[in-house]
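**Student:** just to be clear, the model below is a prediction. Sequence and coordinates:
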Amino acid sequence: MSTPVARAQEQPAPATGLAAERGPYFGAFGGRFVPEALVAALDEIEAAHTAAMADESFLAELAELHRTYSGRPSILTPVPRFAEHAGGATVLLKREDLNHTGSHKINNVLGQALLTKRMGKSRVIAETGAGQHGVATATAAALMGLECTIYMGEEDTRRQALNVARMRLLGATVVPVTAGSRTLKDAVNEAFRDWVASVDTTHYAFGTVAGPHPFPVLVRDYQRVIGLEARAQVLELTGRLPDAVCACVGGGSNAIGIFHAFLDDPQVALHGYEAGGDGVETGRHAAPITAGVTGVFQGARQFVMQDEDGQTIESHSISAGLDYPGVGPEHAWLAAGGRASYHPVTDAQAMDAFRLLCRTEGIIPAIESSHALAGALQLGRELGPDAVLLVNLSGRGDKDVDTAARWFDLVSDADLVASEAERVADAPQRTEGAGW
Amino acid sequence: MSTTSERASTNGPVEGSTVDGGAGGALAPRPGSAAAAVDRAKAEGRAALVAYLPVGFPDLDASVAAAKAAVAGGADVVELGLPYSDPTMDGPTIQRAVEVALRARTRPADVLRAVEQVAATGAAVLVMTYWPPVDRYGVDRFAADLASAGAAGLITPDLIPDEADGWIAASDEHDLERVFLVAPSSTDARLASTAAACRGFVYAASTMGVTGARTAVGAGAAGLVERTRAAGAERVCVGLGVSTPEQAAQVAGYADGVIVGSAFVARLLQAGSPAEGARAVGELAEDLARGVRRA
């Protein structure tokens, strides 16, 4: 291929500097806090992935799937009417929302599904919070003829019945998880319980850049295509690098995906936006970098929302994709070292940005991605009209229409009463996630 | 070969921080340790019975009473579980119990108090814990408090020796046993490194899976015990899926100890009252104790 964007995608330059970090530890973060029973499988995945990354035929097969199946490269969209509210800065959206299945999640699962076949395994399992990673995994499994089981917290299956149906349409088995808080972290726990008993035949397609080594590195390797493309696209469009890159952060896969190509461009500021929920000061949030502690959670040392006894604290966000009490170790490392900065964005701020993008640009963003948009609005005002901001629009908001209609009071009382009857005890309401 | 599991000493802190057991295992394990309990059983020509019970279920006092009943019924070693919010190695039975314990806000300090009370019976008491609570408490402080409470040491289902530098140093300093797990999937190299890192015994997971009763103990368990011994382990106890006296007898035929957890917890779940629960736990312990003597 001849364009810089396509070249960036197919033949990324060897990573150096910060970008060369490949675990198992990122500074003090990461590692493998797992049962011994899983160590052999994690070693196998690491070896298979390392070999795959050096195998031109594997990379070509993945690139071909990107081109002909998921729709890469994703485009870059300037949004000047939105940017009027961001201090007149140039705002460029990386349109991961236009990918097949509606978010960046497909980048990771296509890679992991190929890897599953490469390891000779016939079954893939995954966790999902709201359905995006589950739908993407079910999609890749259907495409490649793999058996597929998705674990989803029972609370989330009720809230996201449509996504459950989507996964089942795609041939996946969806298992509602009734343990613990019945949400994403419990779905991860249950997926691990399945995996420890099925590891001979089954690959666990982890959904984000968290978990035990090598998942943070592996998922990042499949998501870094976002930044590789975007860096070349911004250069092509503006003749220079952006002043800042903005992304929402739950577990952190879309953020690391777009940050990674810029890690060693010190003039490019990297901003991650965590879910501030009702406000960090209320304790009802999902902002472990801003307000968590260093601890061990789901396989890795990271920032996590934990009480004084080391018990996990339940997170809260309007966006289920960001509603996770931990964050990937590479983000923890970038935060601790100051290379990237992380800020909380409240539900209300995110929903304001959500509506603004709808009305000024005709793009309905995922509520997850709206956290990054809210951050960009503020950052643009700080940096002024000469600034160029690259924002990862990690997912589309079709899935969020119901939540938004309620938030903005767009449906009649009669409608609400009718649907409310099916949603008893669903407060606070949440939505499915572009994040997870 | 000289393994750290043979590390022996008199009571009190160990001098220096050598991991090497010195005289190659000729020394006797310290009184109150799990190793001593396993050796005592071995001297009687049988396997040791190891009973798991989570602290705080059905409540704090009742969990201590149940543990004491297990000892009275014949358990040589008690594992007291420290409840954790994300127990990825546990099946539904233990998950349910732990949720109850956490709803009542069972804390590490409660576990330490439970250790004191159960250790007073003379049984060796290990604490079974996921790593995040210990990490948060501070591994050095936790080790010191465990030792003061009279615990023999820790079983760590989600901590592999590769990540355990801090715990290895702290357990050496406080003369505590450290029980790591091996699994059917472990390579011979990992069996060797894990056996070398353990003090007390090596916990062999009978099967690939989580805790919970099964109709049959993993067919590969005997082979795993054999491989673990060949890799240098002096004592190997088998857990996961052992629930009946028949299974205990079978496992006792090839292992140094038989670990039973979910079956005890299930008795507590089924009981109508704490007193009834403790009685049922004691009866199961008696049945299992006969089982480990039948091999």
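**Tutor:** Cool, got the structure.

**Student:** now the lengthiest strand in chain A: buried residues?
**Tutor:** Assignment by DSSP state E gives strand A:269-279 as the longest strand of chain A. Within strand A:269-279, the residues scored as buried using 16 or more other C-beta atoms under 10 Å in any protein chain shown are A:269-278. The C-beta positions use only the backbone N, C-alpha and C, and glycine is treated the same way.

**Student:** next structured bit after it?
**Tutor:** For strand A:269-279, the succeeding helix or strand toward the C-terminus, using DSSP states H and E, is strand A:284-286.

**Student:** which ones are touching the spatially closest residue to residue A:128 that is not a sequence neighbour?
**Tutor:** Nearest non-adjacent residue to residue A:128, counting by C-beta to C-beta, 6 or more residues apart in numbering or on different chains: residue A:134, 3.1 Å away. For residue A:134, the contact set (C-beta atoms under 8 Å, 6 or more residues apart in numbering or on different chains) comprises A:126-128, A:150, A:152, A:163, A:167, A:172, A:174.

**Student:** so where's the stretch 301-436 of chain A shaky on pLDDT?
**Tutor:** Where the stretch 301-436 of chain A drops to pLDDT under 70, the residues are A:413-436.

**Student:** which bits of it sit near chain B?
**Tutor:** Within the stretch 301-436 of chain A, the residues that sit near chain B (C-beta under 8 Å from any C-beta of the partner chain) are A:301, A:306, A:308-312.

**Student:** give the pairing partners of the longest strand of chain A; include direction for each.
**Tutor:** Counting by DSSP bridges, the strands paired with strand A:269-279 are strand A:244-249 (parallel), strand A:284-286 (antiparallel), strand A:340-346 (parallel).

**Student:** now the second one: how far from the chain's centre is it?
**Tutor:** This points to strand A:284-286. Taking C-alpha atoms, centre = their mean, to the nearest Å, one finds strand A:284-286 lying 17 Å from the centre of the chain it belongs to.

**Student:** and it, average pLDDT?
**Tutor:** Taken as a whole, strand A:284-286 has an average pLDDT of 97.

**Student:** could you list the buried residues of that strand?
**Tutor:** Within strand A:284-286, the residues scored as buried using 16+ other C-beta under 10 Å are A:284-286.

**Student:** which one of those residues sits closest to residue B:276?
**Tutor:** Of all the buried residues of strand A:284-286, residue A:284 has the smallest distance to residue B:276: 40.8 Å, by C-beta to C-beta.

**Student:** show me what the closest one is bridged to.
**Tutor:** The partner list for residue A:284 in beta bridges (DSSP bridges) reads residue A:279.

**Student:** specify the local secondary structure of residue A:302.
**Tutor:** Classification of residue A:302 by DSSP: H, G, I helix; E, B strand; the rest coil places it in strand.

**Student:** for it, give its distance to chain B.
**Tutor:** Note on residue A:302: its distance to chain B, by C-beta to the nearest C-beta, to the nearest Å, is 11 Å.

**Student:** can I assume that residue is in contact with residue A:333?
**Tutor:** No - judged on C-beta atoms under 8 Å, residue A:302 makes no contact with residue A:333 at a distance of 9.3 Å.

**Student:** which one of the two is surrounded by more residues?
**Tutor:** residue A:302 (33 against 21; other C-beta atoms under 10 Å in any protein chain shown).

**Student:** which ones are touching residue A:88?
**Tutor:** Residues near residue A:88 by C-beta under 8 Å, 6+ apart: A:380, A:384-385.

**Student:** weed out the non-buried ones from those.
**Tutor:** Counted by 16+ other C-beta under 10 Å, these give residue A:380 as buried.

**Student:** which one of the contacts of residue A:88 is nearest residue B:154?
**Tutor:** Sorting the contacts of residue A:88 by how near they are to residue B:154, with C-beta to C-beta, puts residue A:380 at the top with 52.1 Å.

**Student:** check for me that that closest one belongs to a helix.
**Tutor:** Yes - using three-state DSSP, the secondary structure at residue A:380 is a helix.

**Student:** what mean pLDDT does the longest strand of chain A get?
**Tutor:** For strand A:269-279, the per-residue pLDDT averages 98.

**Student:** that one versus strand A:300-304: what angle between them?
**Tutor:** Interaxial angle, strand A:269-279 versus strand A:300-304 (axes from the mean of the first three to the mean of the last three C-alpha atoms, to 10 degrees): 60 degrees.

**Student:** CA atoms only: put strand A:269-279 into CSV for me.
**Tutor:** This file holds the C-alpha atoms of strand A:269-279, laid out as CSV (Å, rounded to 0.1, in the frame of the first residue of the first chain):
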residue,chain,number,x,y,z
ALA,A,269,0.3,15.9,25.6
LEU,A,270,-1.7,12.8,26.5
HIS,A,271,-5.0,13.2,28.4
GLY,A,272,-7.1,10.4,29.7
TYR,A,273,-10.6,11.0,31.1
GLU,A,274,-11.9,8.7,33.8
ALA,A,275,-15.6,8.4,34.8
GLY,A,276,-16.2,10.9,37.6
GLY,A,277,-19.8,9.6,38.0
ASP,A,278,-21.7,11.8,40.5
GLY,A,279,-18.4,13.6,41.3
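
**Student:** quick one: distance of it to the chain centre.
**Tutor:** Distance, stretch centre to chain centre, for strand A:269-279: 13 Å (C-alpha atoms, centre = their mean).

**Student:** tell me where the stretch 1-150 of chain B has strands.
**Tutor:** Along the stretch 1-150 of chain B, counting by DSSP state E, counting those that start in this stretch, strands occupy B:48-54, B:77-82, B:124-129.

**Student:** what does the domain assignment say about chain A?
**Tutor:** Using automatic domain parsing, the domain parsing of chain A gives A:16-71+A:104-220, A:76-101+A:223-423.

**Student:** nearest to residue B:136, out of these?
**Tutor:** Among the domains of chain A, domain A:76-101+A:223-423 comes nearest to residue B:136, with 3.2 Å by C-beta to C-beta.

**Student:** rewinding a little: just the ones of the contacts of residue A:134 in strands?
**Tutor:** Using DSSP E, the subset of the contacts of residue A:134 located in strands is A:126-128, A:150, A:152, A:174.

**Student:** would you turn these into TSV with distance to residue B:44 and neighbour count?
**Tutor:** Listed next are those as TSV, based on distance: C-beta to C-beta, whole Å; neighbours: other C-beta atoms under 10 Å in any protein chain shown:
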residue	distance to residue B:44	neighbour count
A:126	50	32
A:127	47	30
A:128	52	34
A:150	51	29
A:152	51	32
A:174	52	20
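
**Student:** how about those residues, which pair is most distant?
**Tutor:** Every pair of those checked by C-beta to C-beta; the farthest is A:127 and A:174, at 11.4 Å.

**Student:** what is in contact with the two at once?
**Tutor:** Joint contacts of residue A:127 and residue A:174 (C-beta under 8 Å, 6+ apart) are A:134, A:150, A:152.
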